[in-house]
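Visitor: Give me coordinates for this.
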Amino acid sequence: MTVGIFATLYNLYLLAIGYNTAFIGWILLVATAAGGLAIFPAGILVDRAGGKYALLWGSFGAGIAGATQLIFRQPAALLASSAVVGAVAAIFLVVPSPFLANHSCEEERAYLFSLNTALTLVASVIGTILGGFLPGWLQSPLVLHSAIVHWLSIVLAPGSIARSYQLALLTAGILGVPSLIPIFLMTPGPGKEAASVALLSAGSDTVTLPPGSTESATGKHRWYAPLANRVVIHTFLIGPVWQFALIEAFLGLGAGLFIPYFNVYFVQDQGASIALYGIISAGGTILMALATLAAPLLSMYFGKVRAALYTELCSLPFLALLSISSHLPLAIGAYLLRGSLMNMAEPVLNAYMMEAVPARHRGTANSTFNLSFQGPWALGAVAGGQLIALRAYPLTFSIAAILYACSAGLLWWFFARR
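Guide: As a prediction, the model looks like this:
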């Protein structure tokens, strides 16, 4: 929910306090670069310590950095706090896929990954709708002249519009606090996770640890584990990891050009209100969640890789339609269909990627995939910010469509054609 509100309002808040989309591009670049630098340490942390403690520290760091972004409005402060947000966000990118893969067998994985993604999308729908309506509610005189707003006025932005965005984003941070509860209930480390998975797989009271585990049946750490950790580098270089990384790089570069600026596109270019954009974005997320739940059925019929390939190809005409649309209803329809088709098979493809990696190295592999996506995404966000500042939406969407087509071609060449 918190992420849904931030995704809806943060760019508009920056515009309201006097920045343009070119500066927003630099904000995104700094955040993503910091995340790229942190993503391998985050993967190693997850492999060594498990997801619980990584998520706890990441949550506290994200809360502090997010509050700093809203309290301090100077460019240096915004860039520095964005770097911290990007670094701790790496943890949230790395944890889910290895955690889910370690708690499931191959037959369950497509459904589990799809369900996890669908639940996340449904929660973000609520946040997106709230993000669309909160600024209007918070602009009321009853709120703007309340005692708490007067008490916070020393850190709030001038102007009712900017202040309403700022208050809505602060509300989003408060809504994120209960997310700590399930983190406290998680298993502390990877050793217990691996043992529980092995016990379920064996179907008996004998625990057989998964291949590549650094613990023996008696729980003692093997002396050659550090050497084994270094061997994985060779495995990554000769295995499918670099192929997936290249595919993710083209996807990230294309996505960075326009995904961060959909709120600017609809509000400034298409003339939608903030509330209407919240509804549009929420509708897109609902369709995406429903499509995600249908993805395992496609993977049963076509296979995981071909299901991802075909849905990505079907989304490209709607991306092209966004580049030429001058009517809001047409743009809304293209936006909804593009997002649902492009993202529906992503969970089953992630499951396939995790199956290609030994269990004990899934955190590091997931870091590789995320870095391959996020690095080019940051470069694309900078370029997209410059293009959108010039209102060059047709060129932006067209370049993104070409990059997506290249990604689909690589996915077919490396995997689907076999």
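
Visitor: Check this protein and tell me which residue is nearest its centre.
Guide: With distances taken as CA atoms, centre = their mean, residue 93 lies nearest the centre of the chain, 6.5 Å away.

Visitor: Isn't it up against residue 370?
Guide: Yes - Residue 93 is in contact with residue 370 according to CB atoms under 8 Å; the separation is 4.6 Å. Yep, even glycine has a C-beta here, placed from its N, CA and C like the rest.

Visitor: which residues do these two both contact?
Guide: Shared contacts of residue 93 and residue 370, defined by CB atoms under 8 Å, 6 or more residues apart in numbering, comprise 35, 39.

Visitor: Check the gap between the residue nearest to the centre of the chain and residue 119 for me.
Guide: Noted for residue 93: a distance of 17 Å to residue 119, by CB to CB, to the nearest Å.

Visitor: got any ranges where the protein has weak pLDDT?
Guide: Along the chain, the parts satisfying pLDDT under 70 run over 49, 188-239, 360, 363.

Visitor: what does the helix or strand containing residue 63 contact?
Guide: Residue 63 belongs to helix 51-71 when assigned by DSSP states H and E. With contact meaning CB under 8 Å, 6+ apart, helix 51-71 is reached by 6, 42, 45-46, 77-78, 80-82, 84-85, 87-89, 91-92, 94-95, 98-99, 155, 166, 169-170, 173, 176-177, 179-180, 183-184, 186-189.

Visitor: Buried members of the residues you listed into PyMOL, please.
Guide: Here is the PyMOL command that selects the buried residues among the contacts of helix 51-71 (16 or more other CB atoms under 10 Å):
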select buried, resi 6+42+45+46+78+80+81+82+84+85+87+88+89+91+92+94+95+98+99+166+169+170+173+176+183+186+187
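
Visitor: Go through the protein and flag its longest helix.
Guide: Identified as the longest helix of the chain according to DSSP state H is helix 106-138.

Visitor: how far away is the closest residue to residue 114 other than its chain neighbours from residue 305?
Guide: Counting by CB to CB, 6 or more residues apart in numbering, residue 114 lies nearest to residue 347, which is 4.5 Å off, once chain neighbours are set aside. Taking CB to CB as the measure, residue 347 falls 13 Å from residue 305.

Visitor: ok, now residue 365?
Guide: 17 Å.

Visitor: The stretch 151-300 of the chain: helices as residue ranges?
Guide: Using DSSP state H, counting those that start in this stretch, the helices of the stretch 151-300 of the chain run over 160-175, 180-184, 190-202, 225-238, 241-258, 262-264, 274-302.

Visitor: list the buried ones in the longest one?
Guide: Read that as helix 274-302. Neighbour counts over helix 274-302 (16+ other CB under 10 Å) mark 274-289, 291-296, 298-299, 302 as buried.

Visitor: ditto for the fifth one
Guide: Residues of helix 241-258 classed as buried under the neighbour-count rule (16+ other CB under 10 Å) are 241, 244-258.

Visitor: Could you work out the most separated pair of those?
Guide: Within the buried residues of helix 241-258, 241 and 258 form the most distant pair, 27.6 Å apart (CB to CB).

Visitor: follow-up on the earlier one: so residue 347 and residue 305 - more neighbours on which side?
Guide: Set residue 347 next to residue 305 and count neighbours by other CB atoms under 10 Å: residue 347 wins out with 29 against 21.

Visitor: so that one sits right up against residue 119, yeah?
Guide: No - applying CB under 8 Å as the test, residue 347 and residue 119 come out as separate, 11.1 Å apart.

Visitor: between these two, what contacts are shared?
Guide: Residues touching both residue 347 and residue 119 by CB under 8 Å, 6+ apart: none at all.

Visitor: For residue 23, list the residues it contacts.
Guide: Here residue 23 is in contact with 14, 75, 385 (criterion: CB under 8 Å, 6+ apart).

Visitor: again, 10 Å this time
Guide: For residue 23, the contact set (CB atoms under 10 Å, 6 or more residues apart in numbering) comprises 14, 15, 75, 78, 79, 385, 389.

Visitor: Same question for residue 13.
Guide: Counting by CB under 10 Å, 6+ apart, residue 13 touches 6, 19, 69-70, 73, 135, 157, 161-166, 168-169.

Visitor: Please apply the same query to residue 136.
Guide: Going by CB under 10 Å, 6+ apart, residue 136 touches 164, 168, 273, 274, 275, 278.

Visitor: on that earlier part again, got TSV for the helices of the stretch 151-300 of the chain, with distance to residue 114 too?
Guide: Formatted as TSV, the helices of the stretch 151-300 of the chain follow (distance: least, CB to CB, whole Å):
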stretch	distance to residue 114
helix 160-175	25
helix 180-184	20
helix 190-202	19
helix 225-238	26
helix 241-258	19
helix 262-264	23
helix 274-302	5
